[in-house]
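In: Provided below are the primary sequence and the corresponding predicted coordinates.
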Amino acid sequence: MTTEQNDIILHWYPQSPFAQKIVAILNYKKLDYKLVQISMMEPRPLRRPLDANYPKTPILQIGNQVFCDTKAIIAELESRYPEPSLYPPLKHSGQSSKTLAFGMTNLLDTSIFAAVPTQFNLDVIPLALLEDRAKMKGNGKFDKAKTKALQPYLKLELQAQLDRLTAGLVRGQWILDTETPSDSDFSLFMITFFLNMVISDAWTKEHYPLLVEHFERMVVLTLPDRADTMPQISAEDALQIAKVQQAPHSVSTTLSPSAQGIARIGQKVSVTPLDLGKTPAVGELAALTSDRVVLRINDDRTGDVYVHFPLTAYVVVPITSHL
Ligand SMILES: N[C@@H](CCC(=O)N[C@@H](CS)C(=O)NCC(=O)O)C(=O)O
């Protein structure tokens with residue numbers, strides 16, 4: 001149960017694997033939260049006053065603080081609600097799993113994640129959604145015949161990654177050999193969720209029974225159906241909550257020593273992902289620490305909103321610098 005007075009609000013759609021990862025973590029940490037269901041693609045005008053133009057899913061709002069990208073969401077949840085930890089010690093050495101989890105989660109969230117949607121059944125997904133995702137990936141116009149023709153070859157690549165991923169998995173064990181699941185187990189859970197959705201439960205079970213066994217253990221600890229018991233609120237309600245739960249940004253350091261001379265607090269900056277969907281978020285720089293950038297934005301409907309991004313895989317550039 002949370003001791004935090006401000007509401008925790010997840011802006012999601014249930015088909016989003018990254019949003020399912022956050023639901024699993026909120027449930028695992030036994031937090032209460034509210035849900036705003038957003039559409040599966042842009043435009044989402046009622047989200048703009050909260051996200052500084054960041055277009056991806058999910059975002060997590062806590063009062064007037066908004067966390068974009070699961071890396072920033074998880075860092076914030078872990079710092080506010082450290083138990084149970086997402087970085088339990090490694091069984092063999094007693095060391096924190098944080099460094100290994102950084103590597104494994106990165107692999108799962110990027111190259112393995114990206115290989116899964118190549119296998120969508122293109123005859124059942126709405127064309128507008130396929131075009132939207134092709135645009136986000138920078139693939140230009142969606143070419144159904146060409147995409148379909150490539151599928152069997154890309155499936156080989158997906159299986160090559162999954163074969164290597166599962167080669168060292170052991171029934172009944174967590175992926176980094178910890179007593180309790182680490183952040184990487186939540187990403188692995190997300191991958192299995194995505195495989196089941198994109199290909200089928202039967203395919204995952206036939207080819208990767210260890211993934212299914214891991215998934216079933218995660219379901220016991222994270223109770224995905226718990227999301228159905230959380231209050232659903234409207235996008236307008238979420239804006240109003242930001243307005244009445246005004247607070248300064250929650251980051252203690254404002255400018256890390258390595259950021260001195262590179263950016264100034266109060267100047268207008270863009271924050272752009274280095275991987276997929278390179279839409280810049282724009283706002284006034286409120287903090288730039290070793291792995292967090294915070295933008296202040298303001299709207300009549302919300303008052304000040306502080307939008308937090310991770311620095312890993314994002315670039316912050318002052319708007320005036322012609323870069
Ligand atoms: N690096 C991001 C990736 C998030 C992501 O790619 N989300 C997908 C949905 S699972 C997305 O935004 N798709 C486009 C959309 O929802 O408009 C994170 O960790 O949160």
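Out: That came through fine.

In: need the helix or strand of this protein with the lowest average pLDDT.
Out: One helix or strand of the chain scores below all others by mean pLDDT, DSSP states H and E: helix 127-136, with a mean of 93.

In: Which elements pack onto it?
Out: The helices and strands touching helix 127-136, judged by 3 or more Cβ pairs under 8 Å, 6 or more residues apart in numbering; DSSP states H and E, are helix 144-166. (Glycine included, C-beta is placed from N, CA and C.)

In: what sits against the spatially most central residue of the chain?
Out: The centroid of the chain falls nearest to residue 70 when counting by Cα atoms, centre = their mean (2.8 Å). Residue 70 is in contact with 18, 21, 22, 58, 109, counting by Cβ atoms under 8 Å, 6 or more residues apart in numbering.

In: of these, closest to residue 79?
Out: residue 22 (15.1 Å; Cβ to Cβ).

In: Tell me if I'm right that the closest one and residue 58 touch.
Out: Yes - Residue 22 lies in contact with residue 58 (Cβ atoms under 8 Å); the separation is 5.4 Å.

In: Three-state assignment for residue 23, please.
Out: Three-state assignment for residue 23 (DSSP: H, G, I helix; E, B strand; the rest coil): helix.

In: how close does it sit to the ligand?
Out: 12 Å (Cβ to the nearest ligand atom, to the nearest Å).

In: How about that residue, nearest residue that isn't a chain neighbour?
Out: Distances taken as Cβ to Cβ, 6 or more residues apart in numbering place residue 227 nearest to residue 23, at 5.1 Å, with adjacent residues excluded.

In: in the chain, what spans have low per-residue confidence?
Out: By pLDDT under 70, the low-scoring segments of the chain are 1-4, 321-323.

In: and with 80 instead?
Out: For the chain, the stretches with pLDDT under 80 are 1-5, 139, 321-323.

In: tell me which parts of it are close to the ligand?
Out: 16-18, 41-42, 55-57, 69-71, 109, 136 (Cβ under 6 Å from any ligand atom).

In: Can you add distance to residue 97 and secondary structure and give the residues you listed back as a markdown table?
Out: Shown next, in a markdown table, are the residues of the chain next to the ligand (distance: Cβ to Cβ, whole Å; DSSP: H, G, I helix; E, B strand; the rest coil):
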| residue | distance to residue 97 | secondary structure |
| --- | --- | --- |
| 16 | 25 | coil |
| 17 | 22 | helix |
| 18 | 21 | helix |
| 41 | 35 | coil |
| 42 | 36 | coil |
| 55 | 31 | coil |
| 56 | 26 | coil |
| 57 | 27 | coil |
| 69 | 21 | coil |
| 70 | 17 | helix |
| 71 | 16 | helix |
| 109 | 16 | helix |
| 136 | 31 | helix |
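
In: quick one: which of those residues has the most company?
Out: Tallying neighbours with other Cβ atoms under 10 Å puts residue 70 at the head of the residues of the chain next to the ligand, with 27 neighbours.

In: Need the overlap of contacts for residue 22 and residue 58.
Out: Counting by Cβ under 8 Å, 6+ apart, the residues touching both residue 22 and residue 58 are 10, 12, 70, 73.

In: Which of those are buried, as a ChimeraX select command?
Out: In ChimeraX, a selection of the buried entries from the shared contacts of residue 22 and residue 58 looks like this (16 or more other Cβ atoms under 10 Å):
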select :10,12,70,73
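
In: list the contacts for the nearest residue to residue 132 once chain neighbours are set aside?
Out: Excluding the flanking residues, the one nearest residue 132 by Cβ to Cβ, 6+ apart is residue 41, at 4.3 Å. Listed by Cβ under 8 Å, 6+ apart, the contact set of residue 41 reads 128, 129, 132, 133.

In: do the same with residue 51
Out: Residue 51 makes contact with 59, 66, 68, 281, 307 under the criterion Cβ under 8 Å, 6+ apart.

In: ok, those vs residue 216, which is closest?
Out: Taking these together and measuring to residue 216 by Cβ to Cβ, the closest member is residue 59, at 29.0 Å.
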